[in-house]
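A.B. asks: below are the sequence and a predicted model; questions follow.
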Amino acid sequence: MSDDALFQLGMDLAAPETARQSTIFDEPRSTTQKEELTKHAIAATVPAQDRLDHFIERDGVQCAGAHLIIDLYEASRLDDQAYIEETLKQCVDAAGATLLHIHLHPFEPTGVSGVAVLAESHISVHTWPECGYAAFDVFMCGDARPERCVDILKDAFKPEQTRVSELLRGKEVT
């Protein structure tokens, strides 16, 4: 990867002997890190009702968004790339999200991995058809309703068992 590409990604170009793990207390080493720290500082000082960052309130907690970890067991159609893409589009519509791009990659001999990039974040998928298992991550902020994706995925892939965990990302520390 070129130095220019690394710069665009906000990655540190320091020589290995000077590279070290940074912490939030360190001086930012890249433009991207400086921008992120500035945004964080602004988010912490501006009243929630006045911010334009699409933070949400879930169960009385201000956070960046809800991240659902959805595991499907003994599911079907996990190797059908076109079907998976259509199902992701249905999830986006049901959640009231805005689709920016979908990229799916088939594996040999089986399996599909990919992501639907949303204005509100993403939905990712990784399937193991030989085991009947699929892992979905649904992360959304703003007015989107990620929980609506669960029933879409159940209807589409007919799993014998579904497990859903919710993480509230970017919870504000008080």
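C.D. replies: Cool, got the structure.

A.B. asks: quick one: residues contacting the residue nearest to residue 83 when sequence neighbours are not counted.
C.D. replies: Residue nearest to residue 83 in three dimensions, not counting chain neighbours: residue 77, with 5.2 Å by CB to CB, 6 or more residues apart in numbering. No exception for glycine: its C-beta is placed from N, CA and C like everyone else's. When contacts are counted by CB atoms under 8 Å, 6 or more residues apart in numbering, residue 77 touches 83, 84, 156, 157, 158.

A.B. asks: so which of the residues you listed comes closest to residue 132?
C.D. replies: Distance to residue 132 across the contacts of residue 77 (CB to CB) is lowest for residue 157, with 9.3 Å.

A.B. asks: if I pick the closest one, what's in contact with it?
C.D. replies: Residue 157 touches 72, 75, 76, 77, 78, 87, 134, counting by CB under 8 Å, 6+ apart.

A.B. asks: what do you get for residue 121?
C.D. replies: 65, 139, 140, 141.

A.B. asks: want to try TSV for those residues, with distance to residue 112 and neighbour count as columns?
C.D. replies: Below are those laid out as TSV (distance: CB to CB, whole Å; neighbours: other CB atoms under 10 Å):
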residue	distance to residue 112	neighbour count
65	25	21
139	19	20
140	21	29
141	26	22
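
A.B. asks: so which of those are in helices?
C.D. replies: Among the contacts of residue 121, none falls in helices (DSSP state H).

A.B. asks: need the max-distance pair from those.
C.D. replies: For the contacts of residue 121, the farthest-apart pair by CB to CB is 139 and 141; their separation is 7.8 Å.

A.B. asks: pretty sure residue 90 sits in a helix.
C.D. replies: Yes. Applying DSSP: H, G, I helix; E, B strand; the rest coil, one finds residue 90 inside a helix.

A.B. asks: for it, grab the count of nearby residues.
C.D. replies: Residues lying near residue 90 (other CB atoms under 10 Å) number 16.

A.B. asks: over to residue 166?
C.D. replies: Counted with other CB under 10 Å, the neighbours of residue 166 add up to 15.

A.B. asks: quick check: it vs residue 142, distance?
C.D. replies: 16 Å (CB to CB, to the nearest Å).
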